[in-house]
Structures are given as C-alpha cells and as structure tokens.
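K.L.:
kindly return the folded structure for what I paste below:
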Amino acid sequence: MNTLPLALVVSAFLLGSIAVPLDTRGAEEGGIPYGAPCGLCGDYGYCPQLPSPGKASRFLASFYAGKGLKTVVKKSGRRFMEAEIYREDVLIDKVLLDMRTGRIRSIF
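P.N.:
Purely as a prediction, here's the structure:
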C-alpha cells in the first residue's frame, strides 16, 4: 500500500493551516498600509501628469518626516523612484514610489 499521497495531503493541510501573524505596526502607528494612495496624486491613485523627480523626492521626504523617518533616494527613473527609509540612521525599509499612481510599496 502506497501511503505517500496520503502523507502529502496531510502535510499540505497542516502547512496550510499554520497562521503567520502579519506585521501591521505601520498602520497602528499612524502610517498608511503599503500600496494605499499616499497623497502625491490624489485619492484616486492616478496622476494626470507625472511629477518631476524633484517633486516626488520632496514629497517622499515630507511624507516620512511626519513619521520621524528620513529618506534617501537611491534610484529615480521616469516612472518609479526607489528610496531607503531610515529611523535613527538604521535602515528599516526600502520602498518603490510609482509616480504614475502615487502608491508606495515596500521592496525590502
């Protein structure tokens, strides 16, 4: 009798039922969930005109400064900007700003 298929089904069920708590401290500490509109392009998530890299960089700096964090822009392309987020000189996140939609996503 081959019990391998049964063992695989039981293993898959057990692994699938393990709950992993999500880190939601950002939302609890007054932050926004990643992927939510951040205000650069309005509440609808679309910029009719792409902001300049300077405007996007200033926006990121002021957005995170309100949370006591510092930003360092690492790359800036035509549509996306990559930045590192620091708290007291400790890297805590890397984010990607989509300048077409104004959404910030963690890439850390």
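K.L.:
C-alpha from now on. contacts and neighbour counts both.
P.N.:
OK.
K.L.:
number of nearby residues for Leu91?
P.N.:
Each residue near Leu91 was counted by other CA atoms under 10 Å, and the total is 14.
K.L.:
quick one: it from Gln49, how far?
P.N.:
Note on Leu91: its distance to Gln49, by CA to CA, to the nearest Å, is 31 Å.
K.L.:
please apply the same query to Thr101.
P.N.:
Separation of Thr101 from Gln49 (CA to CA): 10 Å.
K.L.:
which SS state does Lys55 fall under?
P.N.:
Under the three-state scheme (DSSP: H, G, I helix; E, B strand; the rest coil), Lys55 adopts helix.
K.L.:
OK, contacts around Pro51?
P.N.:
Counting by CA atoms under 8 Å, 6 or more residues apart in numbering, Pro51 touches Met99.
K.L.:
same thing with Cys41?
P.N.:
Cys41 neighbours (CA under 8 Å, 6+ apart): 47, 100-102.
K.L.:
are any of these buried, and if so which?
P.N.:
47, 100-102 (16 or more other CA atoms under 10 Å).
K.L.:
pLDDT-wise, which helix or strand of this protein ranks last?
P.N.:
helix 25-28 (a mean of 43; mean pLDDT, DSSP states H and E).
K.L.:
tell me which stretches of this protein form helices.
P.N.:
Using DSSP state H, the helices of the chain run over 4-16, 25-28, 53-65.
K.L.:
in PDB, list the C-alpha atoms belonging to stretch 41-57.
P.N.:
Extracted in PDB, the C-alpha atoms of stretch 41-57 (Å, rounded to 0.1, in the frame of the first residue of the first chain):
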ATOM      1  CA  CYS A  41      -1.500  62.000  -7.000                       C
ATOM      2  CA  GLY A  42      -4.800  62.400  -5.000                       C
ATOM      3  CA  ASP A  43      -7.200  59.900  -3.600                       C
ATOM      4  CA  TYR A  44      -8.000  58.200  -6.900                       C
ATOM      5  CA  GLY A  45      -4.500  56.800  -7.400                       C
ATOM      6  CA  TYR A  46      -3.700  58.400 -10.800                       C
ATOM      7  CA  CYS A  47      -1.500  61.400 -11.600                       C
ATOM      8  CA  PRO A  48      -2.700  63.200 -14.800                       C
ATOM      9  CA  GLN A  49       0.800  64.400 -15.200                       C
ATOM     10  CA  LEU A  50       3.900  62.700 -13.900                       C
ATOM     11  CA  PRO A  51       5.600  64.700 -11.100                       C
ATOM     12  CA  SER A  52       9.200  65.700 -11.600                       C
ATOM     13  CA  PRO A  53      11.800  63.600  -9.800                       C
ATOM     14  CA  GLY A  54      12.500  66.600  -7.600                       C
ATOM     15  CA  LYS A  55       8.800  67.000  -6.600                       C
ATOM     16  CA  ALA A  56       8.500  63.200  -5.900                       C
ATOM     17  CA  SER A  57      11.700  63.200  -3.800                       C
END
